[in-house]
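>>> Predicted model follows, preceded by the sequence.
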Amino acid sequence: MATPSTVSTEDKRSFYLFLLPGAIGFIAIVLVPQLANFGLSFTAWKGVGTPRFVGLQNYERLLSDGQFWGSMSHTLLFVISMTIIPVLIGLVLAALLFDYIRAEFGETASSLFRAALYLPQILPITAAGVLWGWILSPTGVVNIVLRAIGLGDLAQNWLGDATYALPAVSLVIVWIQIGYCLVVFMAGLSRIDPALYEAAELDGAGWWQRLRTITIPLLAPEIFVVVLTTLIAALKVFAPIFVLTAGGPDNATLVPSYLTYYHFFTTQRVGYAASIAVVQTILTIGLAIIFLRFQAQQAGKE
Amino acid sequence: MKLSTLAMAIGAVVLATGLAQAQDKTFNIWWFEDAASAQGVTWTKALEELKANHPDVTVNFEQKTFAQLQASGSMILNSDQAPDVLEYNKGNATAGLVASQGLLTPLDDAYTSLGWDKILDEGSLTLSRYDELGVYGSGSIWGISTYGEYVSAFYNIDMFEEAGLAVPTSLDELTAVFEAFKAQGITPLALGGADTSGQHVLASLAYTKADDTWISNYQGLKAPLDTAPYLFAAQTMVDWVAKGYVDKDATGIKDPDAALQFTSGKAPVYISGTWNLGNFNSTIKDFKWGQFLVPTPKYSVGSTGNLWVIPTASKNPELAKEWISLLLSPKYQTEQANNGGVSIAADPATVTNPVGQNAAAVFKEIADKQGLGFYPDWPVPGFYDVLIQKVAGLLQATLTPEQFADELKQAYDDAQANQ
């Protein structure tokens, strides 16, 4: 008995070697920069030269910075447009494509829709952003169409008016996010036994009932994964804001990541930017932990 | 297995490093002027001459962007990736910062020994000199600008003639011109309210109320902000929107779109910088156009151009200086003017392009009366974005002129107190 167990311990040890490249990568790309950032958040630094230790000064400033709190409150809205709405729409669309479109119009039609809805995920976000910038400009397609069909009163300065900029950017983000939710949900659906649907249908369950009683409960693992990943993405959203509005007009669409970028690269308050990033990281990790706990609890119940 | 992979990886790294170090006969040069701009065209030609003069040197040119170096230039210069010579953003927050950190080669000796002092005068060195705190105006020469730039009103001469309007020489006349176009149903002023031209219009208007003390205090961060000129400028811009001289949707428009309104002949006036000259020179074919300065008592928004700097890490500083000499030579100064650029040392007699001739003359006129008021975002790092955001707030009426001035004052005074 003793001999095989020694071999297996040696084996286990040699397995660790294979983890080495990953560990080095993690330390070099994630851990060290995070620690360096944490250290920088206690300094005043202009990006070159020697950082000067200032203690908690950056964090004190953060507490009274209206821009920071504004950006935080916008993040809540982006949770709605990046997580809640795309997950809901994605669920309904996935179910529609899976058990209605595919049943009625065949596999090809369903794949076609899926591909089309996934397209925004493939498009480089900068290209998509520039396109949406044109579409939503005061002289853009949206307003031209609205005026052409006699709804000129509804035409707005979509990205240039504080009232509409946040909803307009959110709309673009929903458009980008749906594809991701949809594809994961459809993959999940293919795991579910079709017999369940057939049985439910025979028992007289309508489409909506089937969605609520079969699709959603059985898709729970996928829904958890999608909600977690999109939630994290929402907390650190940057690219769509950068391309569409640069946080404007008058900071109406400012988010923490953009504020970090702004202070890091333009005001050269690198230490302050680092402190924003630290708060953002703690929030993101904290939310992820709470969420994973919740998921584990749910899984335990079943 | 594991070890051999590791050895290969190390080998590859060593090999790559060795190769990089083997290239010592190379000359790395960066600039960010657009390839189609007057500077871009001229410098490309000059670089050909430099290559021809030094056939043994491999010249590597990299096109950068203004925003790229604005954001990360200091970090590049602080690394071993710095080129041998580069065009770098002028100003305290950029050139001043890296100069104060010892990342640039001082050019005082070259200035006299290479005869640059016979081409440039002290006035065009204001933004070349930075003191040990990185504040412009005094200290060593750290960079050389070979062109000028200023903000002016581009106007459609055909539309002005058709409407029987003359070039305005006062703010009242400018307003009258706008009113006349508005009466014809034309929105006269193209404005990129989501972009830079907003703050250029703002500053041009503010400078109508600015005297020497204000400019010197403002640009030098010498005192808390006196908001009176900005309050006037903000009120005027709000009036312009209310009267329909500026589209109320301007906050959704960026500069390239606003410029398009001018080049397509829709808007008769566009207030922006001379960096548009190359583009307008080549794209406007259907109408005659010109420039006039926004009427101010003395100061206009403008400065000498961005700087040619030689990083401390430059491996070919002598060649870099030769490059700067080449650009300052009458040949390339004239070339630049003929491409529609603002030359600071061109011989007017040899300039054939009326755009470049006019631009050089206007720049000289401003420089001679020492009226270069610089840019409004200059004194405070990050003010550029603050101004874009706040001007947008002003234009879309979420900020009153008073609130607008207060918010600028907050950001300015914060920087002023913490410098």
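Yep, it's here.
>>> contact partners of stretch A:279-292?
Residues external to stretch A:279-292 that are found in contact with it (Cβ atoms under 8 Å, 6 or more residues apart in numbering or on different chains): A:34, A:37, A:59, A:62, A:224, A:227-228, A:231-232, A:235-236, A:256-257, A:260. Where C-beta positions appear, they are placed from N, C-alpha and C, glycine not excepted.
>>> again but with stretch B:91-101, I slipped
Residues contacting stretch B:91-101 (Cβ under 8 Å, 6+ apart): A:46-49, A:268, B:69-70, B:73-74, B:77-78, B:88-89, B:104, B:127, B:130-136, B:139-140, B:142-143, B:307, B:309, B:378-379, B:381-382.
>>> Next: stretch A:91-101.
Applying Cβ under 8 Å, 6+ apart, the set of residues contacting stretch A:91-101 is A:109-110, A:113-114, A:117, A:178, A:181-182, A:185-186, A:188-190, A:197, A:207, A:210-211, A:215-216, A:219, A:223.
>>> re earlier: in ChimeraX, how would I select the buried members of the contacts of stretch A:279-292?
Here is the ChimeraX command that selects only those of these that count as buried (16 or more other Cβ atoms under 10 Å in any protein chain shown):
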select /A:37,59,62,224,227,228,231,232,235,236,256,257,260
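>>> from the contacts of stretch A:279-292, which is closest to chain B?
Set against chain B, the nearest of the contacts of stretch A:279-292 by Cβ to the nearest Cβ is residue A:260 (12.7 Å).
>>> Spell out which parts of the stretch 101-250 of chain A neighbour chain B.
With the criterion set to Cβ under 8 Å from any Cβ of the partner chain, the stretch 101-250 of chain A comes near chain B through A:133, A:136-139, A:157-162, A:245-250.
>>> The longest strand belonging to chain B - contacts with which helices or strands?
As far as residue count goes, and with DSSP state E defining each element, the longest strand of chain B is strand B:148-156. With contacts defined as 3 or more Cβ pairs under 8 Å, 6 or more residues apart in numbering or on different chains; DSSP states H and E, the packing partners of strand B:148-156 are helix B:197-206, strand B:269-273, strand B:289-292, strand B:302-304, helix B:354-368.
>>> Just give me how far it sits from the chain centre.
Computed by Cα atoms, centre = their mean, to the nearest Å, the chain-centroid distance of strand B:148-156 equals 12 Å.
>>> Tell me the residues of chain B that contact chain A?
Residues of chain B that fall close to chain A, judged by Cβ under 8 Å from any Cβ: B:2, B:70-72, B:74-75, B:77-78, B:93, B:97-98, B:101, B:103, B:193-194, B:247-254, B:257, B:380-382, B:384-385, B:388-390, B:392-393, B:395-396, B:398-399.
>>> what angle separates the longest strand of chain B from helix B:354-368?
Angle, strand B:148-156 to helix B:354-368, by axes from the mean of the first three to the mean of the last three Cα atoms, to 10 degrees: 130 degrees.
>>> Please identify the buried residues of the very next helix or strand once past strand B:148-156?
Past strand B:148-156, further along toward the C-terminus, the next helix or strand under DSSP states H and E is helix B:157-162. For helix B:157-162, a neighbour-count test (16+ other Cβ under 10 Å) marks B:159-160 as buried.
>>> what about helix B:157-162, distance to the chain center?
The gap between where helix B:157-162 is centred and where its chain is centred comes out at 29 Å by Cα atoms, centre = their mean.
>>> Next, the angle from whichever helix or strand comes after that helix to helix B:197-206.
Proceeding N to C from helix B:157-162, the next assigned helix or strand is helix B:171-183, under DSSP H and E. In this structure, helix B:171-183 runs at an angle of 140 degrees to helix B:197-206, with the same axes, to 10 degrees as the basis.
>>> Leaving out the residues flanking it, which one is nearest to the one residue in the stretch 1-150 of chain A that gets nearest to chain B?
Using Cβ to the nearest Cβ, residue A:138 is the residue of the stretch 1-150 of chain A that sits closest to chain B, at 3.5 Å. Ranked by Cβ to Cβ, 6 or more residues apart in numbering or on different chains and with sequence neighbours excluded, the top spatial neighbour of residue A:138 is residue B:249, at 3.5 Å.
>>> for that neighbour, phi and psi?
Geometry field for residue B:249 lists phi and psi as phi -90, psi 10, criterion degrees, to the nearest 10.
>>> Just the buried ones from the contacts of stretch B:91-101?
By the neighbour-count criterion of 16+ other Cβ under 10 Å, the contacts of stretch B:91-101 include these buried positions: A:46-48, A:268, B:69-70, B:73-74, B:77-78, B:88-89, B:104, B:127, B:130, B:134-136, B:139-140, B:142-143, B:307, B:309, B:378-379, B:381-382.
>>> before we move on, back to that, which of the contacts of stretch A:91-101 fall within helices?
Applying DSSP state H to the contacts of stretch A:91-101, the entries found in helices are A:109-110, A:113-114, A:117, A:178, A:181-182, A:185-186, A:188-189, A:197, A:207, A:210, A:216, A:223.
>>> Figure out how far the host helix or strand of residue A:86 is from the centre of its chain.
Under the assignment given by DSSP H and E, the secondary-structure element containing residue A:86 is helix A:85-96. Centroid separation for helix A:85-96 versus its chain: 16 Å, with Cα atoms, centre = their mean.
>>> Show me what the helix or strand just after that helix is packed against.
Next helix or strand after helix A:85-96 toward the C-terminus (DSSP H and E): helix A:102-105. The elements that helix A:102-105 packs onto, with contact taken as 3+ Cβ pairs under 8 Å, 6+ apart, do not include any helix or strand.
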